[in-house]
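Peer 1: Here you go, sequence then predicted model.
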Amino acid sequence: MRMLKALGLWAGLEDMAQPILGIKASDGRAGEGPSPLFLHFDHAEEGPMGFIVEDRHLRARLWRDVAERPEITYLPGTIVTGQAPGRVELSTGTTLGGALIVGADGRGSQTARRAGIKRMAWGYGQTALVAALAHEKPHNGIAHQFFMPAGPLAILPLTGNRCSIVWSERSEEAERILNLPESEFIDHLKPRFGSFLGEISAAGRRYCYPLGLSLTDRFVAERLALVGDAAHGVHPIAGQGLNLGFRDVAALAQTLGEAQRRGEDIGTSAVLRRYQSWRRFDTAALAVATDSFNRLFSNDNSI
């Protein structure tokens, strides 16, 4: 939120953002309800713990801002076919050059691959089902994380009497659930979701994506820096994947700004190593934490 506000974007999103006023985490099994022992984090002293903004609103706001800025040019649909330090070749035959290339092209980053940056990755055998729901009772801004043997179920508050779920299931079962008719999907979800928000119904399309951990062995190369999923991908158990990417962008912008004010070449190894040092520990720590929590709770052990 602070970063979007600094960029002048928050004013167009604030009315569509749901503050997170509390977080409850518990474990249990479908149909049995949550364990009587749970963790509860409250916003009472610190203000909202975060905000939930639907991707459709955030994406539209960002694209609108790009279109309004004359200093930004983009070529929709153009493919990068080659890369050298500070230079990229496009499928149109054009070559672009600059002091620095920033790779923000996702977990399958070709920018990283062409730079010889290696990636450590493994899957969890889980798939996340994502859907928006409408419900009878107010959520009061509380997010829920329910740990079940097959994987966690996150219930995230949206504006109004709506929420978004990120439901992790074993991949084979997730595929079957995704293709259920709407009424059967809701019936399958109810034993896991519970009745604390009253009756629930679908409020949009369902999506799914496989879950895994992905970390590059370095975030920088000659005249190149990676940000977001191009550098790392973590389990959504803490809902921090997008925030990690935002923090990369903020740290890189600050590092480059400070270097430029000192008269340094922003693409040199000395400057880029400062960015990498800043971001590597935060990213690795969160990756280990989410991986450990998922492995600890995604089982049927009673201990």
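Peer 2: Arrived safely, thanks for sending.
Peer 1: any idea how far residue 68 lies from residue 191?
Peer 2: Distance, residue 68 to residue 191, using C-beta to C-beta, to the nearest Å: 48 Å. For the C-beta atoms, the positions are set from N, CA and C on the backbone; glycine is no exception.
Peer 1: Residues in a beta bridge with residue 119, which ones?
Peer 2: residue 216 (DSSP bridges).
Peer 1: thought it was touching residue 219?
Peer 2: No. The pair residue 119 and residue 219 fails to qualify as a contact (C-beta atoms under 8 Å) at a distance of 11.6 Å.
Peer 1: Who has more neighbours out of those two?
Peer 2: Higher neighbour count among residue 119 and residue 219: residue 219, with 28 against 17, using other C-beta atoms under 10 Å.
Peer 1: residue contacts, that one?
Peer 2: Taking C-beta atoms under 8 Å, 6 or more residues apart in numbering, we find residue 219 in contact with 225-226, 231, 248, 275-276, 279-280.
Peer 1: excluding its backbone neighbours, what's nearest it?
Peer 2: residue 276 (4.5 Å; C-beta to C-beta, 6 or more residues apart in numbering).
Peer 1: one step back: pick out whichever of residue 68 and residue 191 has more residues nearby.
Peer 2: The neighbour count for residue 68 versus residue 191, taken as other C-beta under 10 Å, is higher for residue 191 (13 against 8).
Peer 1: which residues in the stretch 101-250 of the chain form strands?
Peer 2: Counting by DSSP state E, counting those that start in this stretch, the stretch 101-250 of the chain has strands at residues 101-103, 119-135, 142-148, 151-158, 162-170, 200-202, 207-216, 220-221, 224-226, 232-233.
Peer 1: Mean pLDDT and distance to residue 64 added to these, as JSON lines?
Peer 2: Formatted as JSON lines, the strands of the stretch 101-250 of the chain follow (pLDDT from 0 to 100; distance: least, C-beta to C-beta, whole Å):
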{"stretch": "strand 101-103", "mean pLDDT": "97", "distance to residue 64": "21"}
{"stretch": "strand 119-135", "mean pLDDT": "91", "distance to residue 64": "22"}
{"stretch": "strand 142-148", "mean pLDDT": "89", "distance to residue 64": "28"}
{"stretch": "strand 151-158", "mean pLDDT": "92", "distance to residue 64": "21"}
{"stretch": "strand 162-170", "mean pLDDT": "94", "distance to residue 64": "23"}
{"stretch": "strand 200-202", "mean pLDDT": "97", "distance to residue 64": "28"}
{"stretch": "strand 207-216", "mean pLDDT": "90", "distance to residue 64": "23"}
{"stretch": "strand 220-221", "mean pLDDT": "97", "distance to residue 64": "31"}
{"stretch": "strand 224-226", "mean pLDDT": "98", "distance to residue 64": "26"}
{"stretch": "strand 232-233", "mean pLDDT": "90", "distance to residue 64": "27"}
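Peer 1: hey, which helix is longest across the protein?
Peer 2: helix 269-297 (DSSP state H).
Peer 1: coming back round to it: shared neighbours of residue 119 and residue 219, which are they?
Peer 2: Both residue 119 and residue 219 lack any common contacting residue under the criterion C-beta under 8 Å, 6+ apart.
Peer 1: For stretch 93-109, measure first residue to last.
Peer 2: Chord length of stretch 93-109, first to last residue, is 21 Å (C-alpha to C-alpha, to the nearest Å).
Peer 1: actually stretch 149-168, not the one I typed
Peer 2: 10 Å.
Peer 1: what separates it from the chain centre, distance-wise?
Peer 2: Its chain's C-alpha centre and that of stretch 149-168 lie 14 Å apart, by C-alpha atoms, centre = their mean, to the nearest Å.
Peer 1: Tell me the buried residues in that stretch?
Peer 2: By neighbour count with 16 or more other C-beta atoms under 10 Å, stretch 149-168 contains the buried residues 150-158, 161-168.
Peer 1: Run through who's touching stretch 16-31.
Peer 2: So stretch 16-31 is contacted by 1, 34-35, 37-43, 48-54, 57, 140-149, 156-159, 191-192, 297 (C-beta under 8 Å, 6+ apart).
Peer 1: Tell me the spacing between residue 154 and residue 245.
Peer 2: To residue 245, residue 154 is 18 Å away according to C-beta to C-beta.
Peer 1: does residue 109 really touch residue 228, like I thought?
Peer 2: No. If you go by C-beta under 8 Å, residue 109 and residue 228 don't touch, sitting 9.1 Å apart.
Peer 1: circling back to that earlier point, make JSON lines from the contacts of residue 219 and add distance to residue 105 to it.
Peer 2: Shown next, in JSON lines, are those (distance: C-beta to C-beta, whole Å):
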{"residue": "225", "distance to residue 105": "13"}
{"residue": "226", "distance to residue 105": "9"}
{"residue": "231", "distance to residue 105": "11"}
{"residue": "248", "distance to residue 105": "13"}
{"residue": "275", "distance to residue 105": "18"}
{"residue": "276", "distance to residue 105": "18"}
{"residue": "279", "distance to residue 105": "17"}
{"residue": "280", "distance to residue 105": "20"}
